[in-house]
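> The sequence and its predicted three-dimensional model are supplied below.
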Amino acid sequence: MYAIIVDGGRQYRVEPGMEVDVDFRDLAAGEELTFEKVLAVSGDDGMKLGSPTVDGASVTASVIGTEQDKKIYVQKFRRRKNSRRRTGHRQSHTRVRIEKIAV
């Protein structure tokens, strides 16, 4: 059984027991998170597609913790002006474990 959910403008294909990185939320480890925007659900009885979402479907997940991605560097350079700037950025995200898919 799997579902396709929308979170933060991105779509995720999730199954129970799977760990997914979603946009940062200020939640403590162990708290529950529910995704209401479910685009499709596939199970034993076939595939259910929503238009745009499946009515009554939800995906429940538990928060594992917050993490940060690898650092990316942004460099700006203007030639012949002796102007250089280098900054870094680390994006924060929340890791969740999918517990159940309810239809």
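Now that the structure is in, tell me what you want to look at. Numbering: from 1, shown residues only.

> Please count neighbours and contacts with C-alpha atoms only from this point.
Fine.

> For Leu33, the count of nearby residues, please.
17 (other CA atoms under 10 Å).

> let me fix that: Arg13
14.

> Which helix or strand contains the closest residue to it other than its chain neighbours?
Among residues not flanking Arg13 along the chain, Ile4 sits closest, at 4.5 Å (CA to CA, 6 or more residues apart in numbering). Assigned by DSSP states H and E, Ile4 belongs to strand 2-7.

> how about the CA coordinates for whichever helix or strand comes after that strand, as CSV?
Sequence-wise, the next helix or strand downstream of strand 2-7 (DSSP H and E) is strand 10-14. Output of strand 10-14 as CSV, limited to C-alpha atoms (Å, rounded to 0.1, in the frame of the first residue of the first chain):
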residue,chain,number,x,y,z
ARG,A,10,6.4,18.8,-3.5
GLN,A,11,4.9,15.4,-4.0
TYR,A,12,6.1,12.4,-2.1
ARG,A,13,5.4,8.7,-2.7
VAL,A,14,5.1,7.2,0.8
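
> any idea of the angle the helix or strand that comes right after strand 10-14 forms with strand 2-7?
Using DSSP H and E, the helix or strand that follows strand 10-14 in sequence is strand 19-23. Counting by axes from the mean of the first three to the mean of the last three CA atoms, to 10 degrees, strand 19-23 lies at 20 degrees to strand 2-7.

> quick one, strands of this protein?
Along the chain, the segments classed as strands by DSSP state E run 2-7, 10-14, 19-23, 32-35, 38-43, 46-49, 58-68, 72-78, 83-89, 92-102.
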